[in-house]
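Chemist: Below are the sequence and a predicted model; questions follow.
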Amino acid sequence: MFNPSLRCSAFSGTNRIASGELRHVAMKAKQAFDASPERPVLVFDDADARTLELPLELPAADLLAWLSRPQPQASGAPETPRRPGRPKLGVVPREVTLLPRHWDWLAAQPGGASVALRKLVDEARKVNAGDDRRRAAQEASYRFILVMAGDAPGFEDAARALFAGDAQRFESLLLAWPEDVREHALWLATDAFAA
């Protein structure tokens, strides 16, 4: 099931037709799809600019019901077997590969390996928060411009400017692009150029 408060934006061709919560945006995307089925309608998650695959060919009531249903696994994907962990707490076991000296150090820490690893991860998240935000903004903006403007003039130079942190060059290269695409790409890239 999609998160009902998921924020997203829809484009019909290069025109932004809606932004906001998914249910609202999905209905606007459905209207645009019905009005011009030959024109591509894309819906992007505002957090990471990934495209959301919505069945816009469904009637509106069915589309709303589809949004409320749990989303199925990819076809042919086997069900994940139950493994140890605390699923009710959101704890999912994963494999970690460390050298024996790492395991020895972790085992000697107060609270054991799990507590030590959680502390290390939390500390790294604090220290790297700015870099993580910048990298996430770069990736989201790039993902969006690749889909919406991958063949636009200056795309490759714009991508290089984005990852180089050159806000002025990035913005100037986007001037030739459709206004809605340019504005959304700049909005997604806001944290990409933070000091």
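Modeler: Received the coordinates, thanks.
Chemist: from here on, contacts and neighbour counts on C-alpha atoms
Modeler: Will do.
Chemist: so Pro55 is in which element?
Modeler: Pro55 is part of no helix or strand when elements are defined by DSSP states H and E.
Chemist: Contacts made by the host helix or strand of Arg16 with the rest, please.
Modeler: Per DSSP H and E: Arg16 is located in strand 15-21. For strand 15-21, the external contacting residues (CA atoms under 8 Å, 6 or more residues apart in numbering) are 4-11, 24-25, 28-29, 178, 180-181.
Chemist: Buried among those residues? Make that a PyMOL selection.
Modeler: A single PyMOL command selects the buried members of those (16 or more other CA atoms under 10 Å):
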select buried, resi 7+8+9+10+11+24+25+28+29+181
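Chemist: now for the contacts of strand 15-21, which pair is the farthest apart?
Modeler: Using CA to CA, those span at most 29.8 Å, a distance reached by Pro4 and Pro178.
Chemist: Neighbours of Ala194, how many?
Modeler: Here the count is done by other CA atoms under 10 Å, and Ala194 has 13 residues near it.
Chemist: what's near enough to touch the spatially closest residue to it that is not a sequence neighbour?
Modeler: The shortest distance from Ala194 to any non-neighbouring residue, by CA to CA, 6 or more residues apart in numbering, is to Arg134 (7.0 Å). Counting by CA under 8 Å, 6+ apart, Arg134 makes contact with Asp191, Ala192, Phe193, Ala194.
Chemist: Can you give me every residue that contacts the closest residue to Ala149 other than its chain neighbours?
Modeler: Leaving aside its sequence neighbours, Ala149 sits nearest to Phe155 (CA to CA, 6+ apart; 6.7 Å). Contacts here follow CA under 8 Å, 6+ apart; on that basis Phe155 touches Ile145, Ala149, Leu173.
Chemist: Distance check, Phe155 against Phe163.
Modeler: Relative to Phe163, Phe155 is positioned 13 Å away (CA to CA, to the nearest Å).
Chemist: go on, Ala149?
Modeler: Relative to Phe163, Ala149 is positioned 16 Å away (CA to CA).
Chemist: try Asp131
Modeler: 12 Å.
Chemist: Phi first, then psi, for Ala47.
Modeler: Phi and psi for Ala47, reported as degrees, to the nearest 10, are phi -70, psi -40.
Chemist: Contact partners for it?
Modeler: Listed by CA under 8 Å, 6+ apart, the contact partners of Ala47 are Arg7, Cys8, Ala140.
Chemist: who does the second one bridge with?
Modeler: In this entry, Cys8 is beta-bridged to Gly20, Asp45, by DSSP bridges.
Chemist: can you count the residues close to Gly154?
Modeler: Gly154 has 18 neighbouring residues, counting by other CA under 10 Å.
Chemist: Apologies, that question was intended for Asp157.
Modeler: Asp157 sits with 13 neighbouring residues when counted by other CA under 10 Å.
Chemist: so how far is Ser5 from the residue nearest to it when sequence neighbours are not counted?
Modeler: Nearest residue to Asp157, sequence neighbours excluded (CA to CA, 6+ apart): Leu173, at 7.5 Å. Separation of Leu173 from Ser5 (CA to CA): 33 Å.
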